[in-house]
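Asks: Sequence first, then the predicted structure:
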Amino acid sequence: MTDKQNKKTISLQVIFSKDFNVTHTKEYLRPNIKGTGWWTLNMDKIAKSNANYWVFILYSFEKKSNDFIILKPQELLKIFESLEKKDSVIHCYMTVTNKNKAFETRGMSKADMQLLFDNKLICPQRDLTNYLNNWAPIISALR
C-alpha cells in the first residue's frame with residue numbers, strides 16, 4: 001500500500017478464510033458468532049515476514065460481510081506464545097462475535113466458548129478485539 005503521493009509505503013500479508021461457523025461450530029453456539037476463520041500458519045514464516053502487518057479476512061457466510069483482524073507479525077507471535085502454541089505449524093481459529101468482539105478460539109472447551117459469549121470468560125491472551133477492523137495504524141503510517 002502507498003499514500004496518495006506514492007512516497008510512503010506499507011506492506012501487508014493478506015490471508016482469507018472461508019466461514020467455518022456453519023460447518024465446524026456447535027449449532028447452539030452459532031447464533032452468537034458472526035464468523036469464524038481457520039488458518040494453518042507457519043511460525044517461521046511469521047517470524048521472518050517482511051510485511052508490516054498481517055490482515056486476516058473473516059467472511060461471514062450468513063451475513064455476507066467481511067471482518068478484518070489487522071496486526072503486526074510480532075504481535076501475532078506474542079499471542080501464540082501467550083497461548084503456549086509452540087509448534088512450527090499452528091492451527092488458528094479467529095472468531096468474531098455478534099457483539100463485534102474477536103478471539104483466538106482454537107482449543108477452547110464448549111463451556112469456555114459459552115462463557116466467552118456470555119461475556120464471563122476473562123482470557124485477555126485470546127482477545128483480538130483491539131485488532132478487529134482497526135485500520136488506524138495503517139492509515140497513520142501512510143500519513
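Replies: The structure has been received and is ready for your questions.
Asks: going forward, measure contacts between C-alpha atoms and count neighbours the same way
Replies: Noted.
Asks: How about the secondary structure of the nearest residue to residue 82 once chain neighbours are set aside?
Replies: Nearest-residue entry for residue 82: residue 125, 6.2 Å, with adjacent residues in sequence omitted and distances by CA to CA, 6 or more residues apart in numbering. Secondary structure, DSSP: H, G, I helix; E, B strand; the rest coil: residue 125 is helix.
Asks: Just give me the neighbour total for residue 125.
Replies: Residues near residue 125, counting by other CA atoms under 10 Å, number 14.
Asks: and it, what does it touch?
Replies: Going by CA atoms under 8 Å, 6 or more residues apart in numbering, residue 125 touches 79, 82-83.
Asks: Just among these, which is most surrounded?
Replies: Counting neighbours by other CA under 10 Å, the top entry in the contacts of residue 125 is residue 79, with 18 neighbours.
Asks: where does that one fall, phi/psi-wise?
Replies: Note on residue 79: its backbone torsions stand at phi -60, psi -50 [degrees, to the nearest 10].
Asks: If anything else comes up later, I'll come back, but that's it for now.
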